[in-house]
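In: sequence and computational prediction follow.
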Amino acid sequence: MPSSQHQALVLWGVRRMLSDGFCVTGVDGWVDRLGLPSGFPRPPMIQGVRPDASGWHASDDIEAFVEAKSERDVDNAHTRKQLRELSSLRSRSGKPCTLYLAIPRSAVYALDKVLIDLGLLRAANVRRVHVPAILLKQ
């Protein structure tokens, strides 16, 4: 079962995705305070990884994914695989899919290192959501 911090990070990632005009198409688990109906479908498994949330932007015909990482989960082999796979996807329109990375603000430097290693630090389709610790407390 995901931690409360992880679910709070998913919430902030999905909120950012919504504010950018995407509609939510899937959420892995239940995210409190999001206002989504219960029983929302899980995002699809894509190239061996399942994002925490997925969305679609109708006018731009672009898909998006949310991946939330706690501070201790930012730099490991599984996270690197997820970021590599999800950041390389293209929508049916041929446009790159948008990847939202929701992390605690305290993990910014660790994420920088991972993104540098993967060649994604300045990738236009990777959007970072740095969440202050005070917003992650129950």
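Out: Looks like it came in fine. Nothing here was measured: the structure is a model prediction, and the numbers come from that model.

In: buried stuff in the helix or strand hosting residue 110?
Out: Assigned by DSSP states H and E, residue 110 belongs to helix 108-118. For helix 108-118, a neighbour-count test (16 or more other C-beta atoms under 10 Å) marks 110-111, 114-115, 118 as buried. (Glycine included, C-beta is placed from N, CA and C.)

In: which element is encountered next along the chain beyond that helix?
Out: Where DSSP H and E defines the elements, the next helix or strand beyond helix 108-118 is strand 126-131.

In: show me the contact partners of that following strand.
Out: 8-9, 12-13, 16, 20, 83, 87, 98-105, 108, 111, 115, 120 (C-beta atoms under 8 Å, 6 or more residues apart in numbering).

In: got a ChimeraX select line for the buried ones in those residues?
Out: The buried subset of the contacts of strand 126-131, as determined by 16+ other C-beta under 10 Å, is captured in ChimeraX by this line:
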select :8,9,12,13,16,83,87,98,99,100,101,102,103,104,111,115,120
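
In: list the ones among the contacts of strand 126-131 that fall in strands.
Out: 98-104 (DSSP state E).

In: just give me the closest of those to residue 4.
Out: residue 104 (12.7 Å; C-beta to C-beta).

In: quick check: pLDDT value at the closest one.
Out: We have a pLDDT of 97 for residue 104.

In: do the same with residue 35
Out: pLDDT at residue 35 comes out at 66.

In: closest one to residue 78 out of the buried residues of helix 108-118, please.
Out: Minimum distance to residue 78 across these is 11.6 Å, recorded for residue 114 (C-beta to C-beta).

In: would you mind measuring from the nearest residue to that closest one once chain neighbours are set aside to residue 29?
Out: Setting aside the residues directly before and after it, residue 114 is nearest to residue 75 in space (C-beta to C-beta, 6 or more residues apart in numbering), at 5.3 Å. Counting by C-beta to C-beta, to the nearest Å, the gap between residue 75 and residue 29 amounts to 23 Å.

In: after the top helix by length along the chain comes which helix or strand?
Out: The longest helix of the chain (DSSP state H) is helix 4-19. As assigned by DSSP H and E, the chain's next helix or strand after helix 4-19 is strand 23-27.

In: just give me the neighbour total for the residue nearest to residue 114.
Out: Here the count is done by other C-beta atoms under 10 Å, and residue 75 has 15 residues near it.

In: fine, thanks again, bye for now.
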